[in-house]
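>>> Give me coordinates for this.
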Amino acid sequence: MISIVIPARNEAAVIARNLHALTTGAEAGEIDVVVVCNACTDDTAGVARSFGPPVRVIETEVGGKAHALNLGDQAAVAFPRVYVDADVMISLNSIRALAARLELGGVLAVAPRALIDLNGCSWCVRAYYDVRSRLPTAREGIGGSGVYALAHAGRRRFGEFPNLTADDGYVRIQFSARERETLAHASSTVFAPRRLKDLVLVRTRARYGTIELERRCPDLRRNMGERNHKSIVSLLRLPSLWPKVLVYSLVNIVARLRVAARLSTASLRWERDNTSRDVAALAPDLPGENSL
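Model (predicted):
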């Protein structure tokens, strides 16, 4: 059996899409899906319960993704164990591929590659993700795909999920490059923000998550993976990419400035991008030609 943990907060608009992809075609006893609804004020729990077995729902009034992940872990019954963000999509076949790779041995953590759905996105958002798709970090599925899977031995590498912004980044740095793998034959669908200002919100949060990891887990920085700097410089050899590289750079500069300002004032309330959830709720199929 494969256990799947999905933390969800006010995801009624998209949780059905997620669960439909996960459960369609599942054999009896093949998967156990635990949806942890934390501090929800919408009908996330009701939508999830409507699926019936193999979906189970836990509700808590305590908000926070880390708390939800820990509750999900307590309720989960099996390994391999897959952790899935509520606003992404991953097929059952990709879940099976992740589990099969862990069962084969040799690695402790795996993730799918991320397919970025750009339906309805502005040119600037598309430009940003075009550049990003050419960088080393885009090939790191743990921290970008919204999904990661752990073997039993991998999950024992750390205790409870700490209260950190980037849970996927925290998981990634528990393992060396030889212990983790991104599978080319498994993919998840990540819905990009539709507008530039919403992209800045997403990148601000991501930037803070990186700083937080560096400060709280300095001994694990060696596992962070390859940086993007050299690759960005190499892209400047292609004049056709200059406008897109400019957008990419400006978005990240603004995100860094926003984080610095918030750190200086101890104001760390993060806005949530809902435009990507609108796309996920409306799109009828998995992304095709508009994906990166």
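>>> Check which residues of stretch 44-55 are buried.
Judged by neighbour count using 16 or more other CB atoms under 10 Å, the buried positions of stretch 44-55 are 44-45, 47-48, 51, 54-55. C-beta here means a position set from N, CA and C on the backbone, and glycine is covered the same way.
>>> got a list of contacts for it?
8-12, 15-16, 19-20, 23, 26, 30-33, 35, 37, 57, 59, 86 (CB atoms under 8 Å, 6 or more residues apart in numbering).
>>> quick one: it to chain centroid distance?
How far stretch 44-55 lies from its chain's middle: 22 Å, per CA atoms, centre = their mean, to the nearest Å.
>>> what's the closest non-adjacent residue to residue 236?
Spatial nearest neighbour of residue 236, chain neighbours left out: residue 245 (6.4 Å); criterion: CB to CB, 6 or more residues apart in numbering.
>>> Tell me where this protein has helices.
15-23, 44-49, 65-75, 92-104, 123-132, 152-155, 167-172, 196-216, 229-235, 242-265, 275-282 (DSSP state H).
>>> closest to residue 187 out of these?
helix 92-104 (5.9 Å; CB to CB).
>>> Report the inter-axis angle for that closest one versus helix 15-23.
With axes from the mean of the first three to the mean of the last three CA atoms, to 10 degrees defining the directions, helix 92-104 sits at 50 degrees from helix 15-23.
>>> Could you list the alpha-carbon positions for helix 92-104 in CSV?
Output of helix 92-104 as CSV, limited to C-alpha atoms (Å, rounded to 0.1, in the frame of the first residue of the first chain):
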residue,chain,number,x,y,z
LEU,A,92,-2.0,7.6,-10.0
ASN,A,93,0.5,6.3,-12.6
SER,A,94,3.1,8.9,-11.5
ILE,A,95,2.4,8.0,-7.8
ARG,A,96,3.0,4.3,-8.7
ALA,A,97,6.3,5.3,-10.5
LEU,A,98,7.5,7.2,-7.4
ALA,A,99,6.7,4.2,-5.1
ALA,A,100,8.3,1.7,-7.5
ARG,A,101,11.5,3.7,-7.6
LEU,A,102,11.8,3.8,-3.8
GLU,A,103,11.0,0.1,-3.5
LEU,A,104,13.8,-0.6,-6.0
